[in-house]
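Chemist: Have a look at this prediction, sequence included:
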Amino acid sequence: MRPAVVGRERETAAVAELLAAHRLVTVTGPAGVGKSTVAAAAVAASAGWECLVQVRWEGSAPGRPGELSAAVLTRVTGAVPAGPVSPERAADCLPDAPTLLWLDDMDPVHEECVRLVQRVLLRAPRTTVVVTSRRSLGLDAERTVPLRGLHTEPAPGDAAGARPPAVELFHRHAHPGAAEDPESVAEVCRLVEGLPLAVVLAAEQTARLPVREVERLLRLDQLWPAGPRLPHRRHRSLRDAAGSVWLLCDRTVRAVWARAGLFAGSFTEASAVRLCAGGAVEAHQVPSCLLRLAAHGVLQMDGEIGAVREPRYRMTRAAREFGVERLTAKGEFAAVAQRRAQLAEQVAVDAESLWERGAQDRAVRLVCEEYEELAALLDHASTAPGLAPDALRTALRLWFWWVVCDRAEEGAARLLALLPHCDSGPLLARGQWLAAWLSARTAPDAARALLDDAWWTSVLAGDTATVGRVAHVQGVLALRDGDARAAAAHFRLAADTVPAHPAAGPPAALSLAALALAQVRFAPVEARRSAHRALAQAGLRQDAWTCQVARYAYACADLALGRTGRAWRRATRALAGCGEGLPAAHGSGALRQLLAGVEVGSPVLPGPPPALAPLSVPASVPRASAREIRLGRGPART
């Protein structure tokens with residue numbers, strides 16, 4: 001039973017058109033993508049052939065030389081040869097009439113298929129060849145039609161209510177009751193990445209399981225669905241499909257496949273070399289193994305070899321789970337997982353270095369590209385105590401990602417999962433400080449408990465940077481409670497304690513900017529001085545984010561003093577210096593809100609940038625009188 005041609009109309013038409021104009025067409029794609037189905041539909045739609053010779057290779061193991069040519073000879077003449085047949089003899093036996101030779105599933109006999117097709121093109125001029133294989137033949141006359149998974153989301157031009165191709169294929173093979181849960185059906189199709197074979201196998205499970213249960217099981221393991229009724233053994237499960245590819249790989253390629261299965265997202269060639277090299281695999285062998293895996297459909301490559309931007313690889317989920325199974329069976333999982341942790345930590349080190357050197361857009365872009373891998377490490381380390389300290393150091397180096405990119409809740413959850421697996425000491429205290437900062441808005445009581453532990457540990461260890469950062473978060477919590485004066489005292493202590501350029505955390509200039517925002521309520525003149533001090537910190541111009549927060553605090557102080565013109569100009573300059581590569585939470589929203597209030601004649605103080613939440617600058621602040629400004633005092637408390 002083959003999956004129906006759903007969502008493949010364009011590819012089928014393309015194959016049929018190429019068959020009418022060219023002598024060699026190859027349909028390529030990963031295992032289970034529906035190559036044979038598309039080829040069958042295209043052959044049925046083609047006309048003008050007096051003879052159709054179809055040869056399908058049934059086995060998964062590599063074939064012996066001459067077996068494919070013998071199968072062609074048997075199919076044409078009906079006589080079974082006594083031994084191997086040469087490609088020349090097989091090509092000469094083809095009829096002298098318009099003939100279509102269909103060579104189906106040629107991966108186990110790929111090399112002989114190339115030689116046979118070459119002879120056919122030379123010796124049988126009236127024969128056209130269509131081949132289905134996971135990789136192309138590489139011949140000059142070849143035209144290739146690559147296939148990928150079906151779309152799991154509606155296309156922009158689809159009619160309202162139209163089902164995506166993957167969902168439509170699921171419904172054609174599912175139990176009628178599956179239509180009652182469209183959300184789970186759509187999620188199942190996304191989990192199997194729209195691969196037609198996987199969609200059919202998952203749909204058949206609905207005869208005995210509800211769709212929601214199928215979805216739950218697929219989240220745990222994509223290889224479990226099986227369809228014993230399918231005629232070809234390698235199509236009866238995704239594990240069998242992946243195993244058929246595994247059989248065709250040599251030992252080195254298999255080792256690279258198994259080790260690269262630990263990559264949760266996309267990765268570069270350099271990362272693969274660092275993770276996969278070792279033992280019987282030399283570093284120089286890894287790049288060629290990646291290309292061979294990409295040719296087999298195990299890897300998807302984004303980009304081109306030799307391009308300005310280094311190409312990235314991504315392994316399909318089924319192949320990734322199959323590789324991890326093989327890695328575990330060989331007893332290499334723990335060692336490769338440790339190397340993956342070191343690789344992720346190096347990514348965090350590089351990103352932090354870029355952030356501190358002023359290339360903050362590049363730092364954010366690097367974390368975005370590698371975030372799936374970083375997240376996978378943090379998830380795995382929360383259940384593997386031996387990896388927790390390294391994972392915690394990685395999370396600490398990503399402080400700017402959690403704070404600046406508005407991922408506070410996610411960062412807090414990941415840190416809290418790692419902290420119980422780390423011994424007491426400075427590292428644990430730094431983790432508690434960052435977890436408290438990230439959870440100050442949503443869980444202030446838990447944040448206070450974390451700060452108490454972190455403060456005592458840091459004081460005993462002489463870690464002044466963490467002591468100052470604890471004071472900064474205490475100021476955040478004080479502002480949340482509405483006590484601006486207590487918050488200012490905490491921020492002042494933090495600014496005096498945190499080093500100017502600390503590692504794995506914000507500089508003292510951020511505490512000075514927060515001090516200015518706290519002083520805006522009761523001492524705008526002092527707030528202006530604090531903002532000026534923040535902007536005068538050495539090297540601040542390289543830190544675009546902290547610099548923008550300080551400029552925002554300066555503009556708020558000017559606005560509180562009634563200097564709307566200066567506030568408008570300062571906010572405008574701050575917006576002009578925004579890094580385009582930084583996310584929206586960079587603080588530009590608060591600056592635009594301030595400018596909008598000035599321009600409409602309603603100059604009220606907006607809230608702080610989201611990255612500094614939960615700082616609570618009031619929407620309106622009492623203006624200082626001319627005499628109070630002259631005396632250096634703020635407005636009277638109201």
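Modeler: Ah, there it is. As the structure is a prediction and not an experimental result, all values here were calculated from the model.
Chemist: Which residues are in contact with residue 324?
Modeler: Residues in contact with residue 324 (CB atoms under 8 Å, 6 or more residues apart in numbering) are 258, 261-262, 333. (C-beta placed from N, C-alpha, C; glycine too.)
Chemist: Sorry, slip of the keys, the one I care about is residue 508.
Modeler: 468, 494-500, 502, 537.
Chemist: same question, residue 489
Modeler: Contacts of residue 489 (CB under 8 Å, 6+ apart): residue 475.
Chemist: What helix or strand is it located in?
Modeler: Here residue 489, judged by DSSP states H and E, is contained in helix 484-497.
Chemist: in that helix, what counts as buried?
Modeler: In terms of neighbour count (16 or more other CB atoms under 10 Å), helix 484-497 has its buried residues at 484, 486-495, 497.
Chemist: how distant is it from the center of its chain?
Modeler: Relative to its chain's centre, helix 484-497 lies at 39 Å (CA atoms, centre = their mean, to the nearest Å).
Chemist: ok, now stretch 359-378?
Modeler: Relative to its chain's centre, stretch 359-378 lies at 9 Å (CA atoms, centre = their mean).
Chemist: repeat for stretch 206-226
Modeler: On CA atoms, centre = their mean, the centre of stretch 206-226 falls 24 Å from the chain's centre.
Chemist: which residues are contacting that stretch?
Modeler: Outside stretch 206-226, the residues that touch it by CB under 8 Å, 6+ apart are 174-175, 177-178, 181, 184-185, 187-188, 191-192, 198, 201-202, 204-205, 236-239, 242, 317-318, 321-322, 325.
Chemist: Please pick the buried ones from those residues.
Modeler: The buried subset of those (16+ other CB under 10 Å) comprises 174-175, 178, 181, 184-185, 187-188, 191-192, 198, 201-202, 204-205, 236-239, 242, 317-318, 321-322, 325.
Chemist: Give me the buried positions along stretch 65-73.
Modeler: By neighbour count with 16+ other CB under 10 Å, stretch 65-73 contains the buried residues 66-73.
Chemist: Need the mean per-residue confidence for the helix holding residue 489.
Modeler: In this model, helix 484-497 has an average pLDDT of 93.
Chemist: after that helix, next one along is what?
Modeler: helix 508-519.
Chemist: avg pLDDT for that following helix?
Modeler: Here the average pLDDT along helix 508-519 is 91.
Chemist: For it, output the C-alpha coordinates as CSV.
Modeler: Taking Å, rounded to 0.1, in the frame of the first residue of the first chain, the C-alpha atoms of helix 508-519 are listed here in CSV:
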residue,chain,number,x,y,z
ALA,A,508,28.3,48.9,37.3
ALA,A,509,26.9,51.4,34.8
LEU,A,510,23.6,49.5,34.7
SER,A,511,23.2,50.0,38.5
LEU,A,512,23.9,53.7,38.0
ALA,A,513,21.2,53.9,35.4
ALA,A,514,18.8,52.0,37.7
LEU,A,515,19.8,54.4,40.5
ALA,A,516,18.8,57.4,38.3
LEU,A,517,15.4,55.8,37.5
ALA,A,518,14.8,55.3,41.2
GLN,A,519,15.8,58.9,42.0
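Chemist: okay, the angle between the helix or strand just after it and helix 484-497?
Modeler: Later in the chain than helix 508-519, the nearest helix or strand by DSSP H and E is helix 524-535. Angle, helix 524-535 to helix 484-497, by axes from the mean of the first three to the mean of the last three CA atoms, to 10 degrees: 30 degrees.
Chemist: Output the longest helix belonging to this protein.
Modeler: Across the chain, the longest stretch assigned as helix under DSSP state H is helix 333-356.
Chemist: Tell me the helices and strands packed up against that one.
Modeler: Contact analysis of helix 333-356 by 3 or more CB pairs under 8 Å, 6 or more residues apart in numbering; DSSP states H and E lists helix 269-276, helix 317-329, helix 360-381, helix 388-397, helix 399-404 as its packing neighbours.
Chemist: what about stretch 495-503, how long is it end to end?
Modeler: Terminal residues of stretch 495-503 are spaced 15 Å apart (CA to CA, to the nearest Å).
Chemist: what's next to that stretch, contact-wise?
Modeler: 352, 356, 464-465, 467-469, 471-472, 505-509, 511-512, 515, 533, 537-539.
Chemist: Look up how far residue 371 lies from residue 339.
Modeler: 19 Å (CB to CB, to the nearest Å).
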